[in-house]
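Q: need coordinates for the following:
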Amino acid sequence: RDKPLQRGDARINVGDIMMDGNRPLPEGYEIATWSSPLIPLIRHKSTGIVIWPVRFDLLPLYDYIEGVRPNQDIRGMTTVFHYTSAGGFSRLVAPPQEFYQEQWEFAEEIWDRLEDDFERHGIPDVSGAPEYSLSLVAAEPMSFTKREAVAQAVFRADDENLGPGRVGHCVALRVPTDHCLAASGEFCENTAIVLAPGKDDQAALEELNGPDGRRGRKQQVIAWGQRAVLKVKAGKKNDAPIVDRVRDLDLLEGLIDRETRTVIPPAIAEKARKTTRHCTAAFMAEVLAEEARRSSLASRLSGSKGSRTSSKTRHEQHEHDEEEDALRLQIEKLEQDKALLEKKIRHAAKHQKMADAG
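A: Sure, this is the predicted structure:
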């Protein structure tokens, strides 16, 4: 190049979930209302995670250190993600520290910033991962329903001290697929071990597993293309009942009591919303007791209907008939709500089955 690369010159290749002026954002993403038109930050609606709109391309760094490979145009590339805090995000997307003549120089700075962010936030390496590699996340924000799940994927731990603010921002990175490895172990389903330039996946696997490919069962690192094997193993361990699995996805929020795992009748859920109370087991007991009292009253009224004497006035008879009609309508409404709830549960179970199969 005749002139130094500017900030936008070195950042090439728009990510799969990033903004392109010629096409709309995928469903589930939106432009952050507070971002500037010059840099329209992307926001994932469900988790609120803010995403840098341009994917960082690290391939120039690999090409510079390892040399450009034959058939470079058809070399496989993979998009991985790094989730961080607001402060880490600002440091990662800051302008280059100096003007660069070559793209690999800026890519090297991005790699250094990632290593620094890993150290600042205490993000652990995968046990047994090759030296100087980065343990990133292979799943985009759309793959998660809540921030807690993102924190588990990043830190590979179920720790309540991992606040959602530590993973509230995200940058996408484009890396060579032949420098990616997968890992087994708890919370490693979405882990992508990205090797540093200078050693590809086959060389790293031979070093880790030995020439015969064998390794201890406690921790297994395999080629990126074989990660489906790990997903199958992880799926076999997740044999929770369908209601529990759907409940964890919050698809039945307001329909299933999270404490007792019992079905919440729609009428009770509606009462909780109107009274601004949470639909807990105690609240359900109160409402059910009230309904039992009304049902008992309806039974008494029904039993006494045949024993009414002609001495009652038309006005009294009319009042009793109206109360009976009202109670009958309430019972019919509860039966309708029950049928609707059962339909929603079948619908959620069907979608969960489709998600498991897909």
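
Q: what's near enough to touch R147?
A: Applying Cβ atoms under 8 Å, 6 or more residues apart in numbering, we find R147 in contact with 47-49, 164, 167-168. All C-beta atoms are positioned from the backbone trio N, CA, C, and that covers glycine.

Q: looking at neighbours, which among those is most surrounded?
A: V167 (29 neighbours; other Cβ atoms under 10 Å).

Q: confirm I193 sits in a helix?
A: No - assessed with DSSP: H, G, I helix; E, B strand; the rest coil, I193 is strand; it does not lie in a helix.

Q: what sits closest to it if chain neighbours are left out?
A: Nearest residue to I193, sequence neighbours excluded (Cβ to Cβ, 6 or more residues apart in numbering): L181, at 4.1 Å.

Q: identify the farthest-apart pair in the contacts of R147.
A: G48 and V167 (10.6 Å; Cβ to Cβ).

Q: the strand or helix carrying Y64 packs against which elements?
A: Assigned by DSSP states H and E, Y64 belongs to helix 59-66. Where contact means 3 or more Cβ pairs under 8 Å, 6 or more residues apart in numbering; DSSP states H and E, helix 59-66 is packed against helix 103-121, strand 169-176.

Q: ok, and what's touching the longest one?
A: Spelled out, that is helix 103-121. Outside of helix 103-121, the residues within contact range by Cβ under 8 Å, 6+ apart are 5, 9-12, 56-61, 63-65, 82, 84-85, 88, 91-92, 96-97, 100, 123, 134, 166, 173, 196.

Q: and the last one, by the same measure?
A: The list of residues contacting strand 169-176 from outside it, by Cβ under 8 Å, 6+ apart, reads 13, 15-18, 49-52, 55-59, 62, 75-86, 88-89, 92-93, 110, 114, 136, 140-141, 194.

Q: which among those count as buried?
A: The neighbour count (16 or more other Cβ atoms under 10 Å) marks 15, 17-18, 49-52, 55-59, 62, 78-85, 88-89, 92-93, 110, 114, 136, 140-141, 194 as buried among these.

Q: can you give me the end-to-end span of stretch 88-107?
A: With Cα to Cα, to the nearest Å as the measure, stretch 88-107 spans 17 Å from end to end.

Q: what residues of it count as buried?
A: Buried, per 16+ other Cβ under 10 Å, within stretch 88-107: 88-89, 92-93, 96, 100, 103-107.

Q: rewinding a little: show the subsequent helix or strand relative to the helix holding Y64.
A: Of the helices and strands lying after helix 59-66 in sequence (DSSP H and E), the nearest is strand 77-84.

Q: could you pull up the mean pLDDT of that next one?
A: Strand 77-84 carries an average pLDDT of 95.

Q: dump the residue contacts of G198.
A: Counting by Cβ under 8 Å, 6+ apart, G198 touches 65-66.

Q: make residue 1 into 46 and carry on from there
A: Got it, the first residue is 46 from now on, which makes the last one we talked about G243.
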